[in-house]
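**Q** This is the structure alone, sequence omitted:
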Ligand code: FDA
């Protein structure tokens, strides 16, 4: 894992508009970004979707964007999702694609942080996307962002689930509150994607050290696996995956009663190996030109990712 100092610097950089302009302006960045992002345009994302589906994995597609500061941007994000969903409809038309295609949403990209009525605007925007997804036979899961948004996000998800009971939500094991959230949200029909968490958070709300985060992750997994919902295990960590497979076995879950999820471009061979063992594997597939924050969080996770980026800058 990267040193805490480096991780903190990279996560701060992820939110700096000045660095964002600098880094996105470097032409060679593109090549490195392509490892983690399935293109800038919708046709590119659709092409990658097709090849991931052909390899026996399912997908969750994310139109990149976060921390929207005006209503027009939030509306533009909704339009992108609606266009994406019409482009995805043919994949599910014959009924064989049911459940294999999902979109992931960030409520902050839909207006959640707008000073005036942000929450109501995000709810309304997410509702439009959920309705279109329903129509297209596509699932939806709401991403988790920094801890200041958790209460708001979970209350929006609760409201949306009244109309769209299959709506999934992400919980972050590094937050101290998450075990309680897992208990509350592991009821019938729930779809919970459990990840470790990718933001810079204070010790008052989040575990800081990897061993603590890992044991919290396993405690949450245990709750979700023994619950009545559908656990979605989002991690590249071999120890977390082994724990999930063990707990699924111990709680008598069949292979189609939970799934493993990884990010596009990370441990691709392992994703294929697991899919080859008839495990359900879903790939989180981000696309779009707003890749900066997402990309910086990936660099913060792993020194090898950062080294790859720096090497390609100097070996130009
Ligand atoms: P961690 O980063 O601790 O890595 C543990 C081990 O995994 C490594 O030691 C190594 O063995 C292996 N590994 C990791 N990367 C590797 C690589 N590139 N190559 C080879 N081995 C590697 N976060 C969030 O805050 N909100 C969200 O909504 C989401 N959504 C989300 C969806 C999905 C499907 C995934 C997979 C992840 C997220 N995340 C997220 C990100 C998540 O919180 C977390 O930051 C990353 O997944 C990294 O944590 P890991 O669990 O992978 O383990």
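**A** Received the coordinates, thanks. What you see is a predicted model; the values in this text were computed from it and never measured.

**Q** hang on, isn't residue 31 packed against residue 312?
**A** Yes. Between residue 31 and residue 312 there is a contact at 6.0 Å, judged by CB atoms under 8 Å. For glycine as for every other residue, the C-beta is placed from the backbone atoms N, C-alpha and C.

**Q** When these two are compared, which one has more neighbours?
**A** Legend: neighbour count by other CB atoms under 10 Å for residue 31 and residue 312, higher for residue 312 (16 against 12).

**Q** does the more buried one really touch residue 33, like I thought?
**A** No. The pair residue 312 / residue 33 is not scored as a contact, 10.3 Å apart, by CB under 8 Å.

**Q** just checking, what packs against the lengthiest helix in the chain?
**A** The longest helix of the chain (DSSP state H) is helix 71-92. Under the contact definition 3 or more CB pairs under 8 Å, 6 or more residues apart in numbering; DSSP states H and E, helix 71-92 sits against helix 42-54, strand 58-63, strand 101-105, helix 118-136.

**Q** before we move on, back to that, quickly list what's touching both of residue 31 and residue 312.
**A** Residues within reach of residue 31 and of residue 312 at once, by CB atoms under 8 Å, 6 or more residues apart in numbering: there are none.

**Q** residue ranges for the helices of the stretch 101-250 of the chain, please.
**A** 118-136, 150-163, 178-185, 210-226, 238-250 (DSSP state H, counting those that start in this stretch).

**Q** Distance to residue 78 and mean neighbour count for those - can I get that in JSON lines?
**A** What follows is the helices of the stretch 101-250 of the chain, written out as JSON lines (distance: least, CB to CB, whole Å; neighbours: other CB atoms under 10 Å):
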{"stretch": "helix 118-136", "distance to residue 78": "5", "mean neighbour count": "19"}
{"stretch": "helix 150-163", "distance to residue 78": "14", "mean neighbour count": "16"}
{"stretch": "helix 178-185", "distance to residue 78": "25", "mean neighbour count": "17"}
{"stretch": "helix 210-226", "distance to residue 78": "30", "mean neighbour count": "18"}
{"stretch": "helix 238-250", "distance to residue 78": "34", "mean neighbour count": "16"}
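
**Q** mind checking which of those helices is nearest residue 8?
**A** Of all these, it is helix 210-226 that lies closest to residue 8, at 14.5 Å by CB to CB.

**Q** and the closest one, what does it pack onto?
**A** On a contact count with 3+ CB pairs under 8 Å, 6+ apart, helix 210-226 meets helix 178-185, strand 191-195, strand 230-234, helix 238-250.

**Q** Secondary structure of residue 270: a helix, I assume?
**A** Yes. The assignment for residue 270 (DSSP: H, G, I helix; E, B strand; the rest coil) places it in a helix.

**Q** coming back round to it: tabulate the helices and strands packed on helix 71-92 (CSV), appending mean pLDDT.
**A** Listed next are the helices and strands packed on helix 71-92 as CSV, based on pLDDT from 0 to 100:
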stretch, mean pLDDT
helix 42-54, 95
strand 58-63, 97
strand 101-105, 97
helix 118-136, 97
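
**Q** for the stretch 201-316 of the chain, which spans come out with low pLDDT?
**A** Counting by pLDDT under 70, the stretch 201-316 of the chain has low-confidence residues at 313-316.

**Q** before we move on, the earlier item: give me the buried positions along the longest helix of the chain.
**A** Buried residues in helix 71-92, counted by 16 or more other CB atoms under 10 Å: 73-75, 77-78, 80-82, 84-85, 87-89, 91-92.

**Q** can you check stretch 25-36 too?
**A** Buried, per 16+ other CB under 10 Å, within stretch 25-36: 29, 32, 33, 35, 36.

**Q** Spell out which parts of the chain neighbour the ligand.
**A** If contact is defined as CB under 6 Å from any ligand atom, the residues of the chain in contact with the ligand are 143-144, 170, 172, 193, 195-199, 234-238, 240, 261-263, 266-267, 284, 301-302.

**Q** Find the centremost residue of this protein, please.
**A** Geometric centre of the chain, nearest residue: residue 143, 5.3 Å, by CA atoms, centre = their mean.

**Q** pretty sure it is touching residue 62, no?
**A** Yes. Taking CB under 8 Å as the definition, residue 143 is a contact partner of residue 62 at 7.3 Å.

**Q** overlap in contacts of these two?
**A** Common neighbours of residue 143 and residue 62, counting by CB under 8 Å, 6+ apart, are 104, 105, 106.

**Q** Among the buried residues of stretch 25-36, which are located in helices?
**A** Short answer: these in helices (DSSP H) are 29, 32, 33.

**Q** what's the closest of those to residue 307?
**A** Nearest to residue 307 among these, with distances taken as CB to CB, is residue 32, at 10.7 Å.

**Q** wait, what's in contact with the closest one?
**A** The neighbours of residue 32, taking CB under 8 Å, 6+ apart as the test, are 295, 308, 309, 312.
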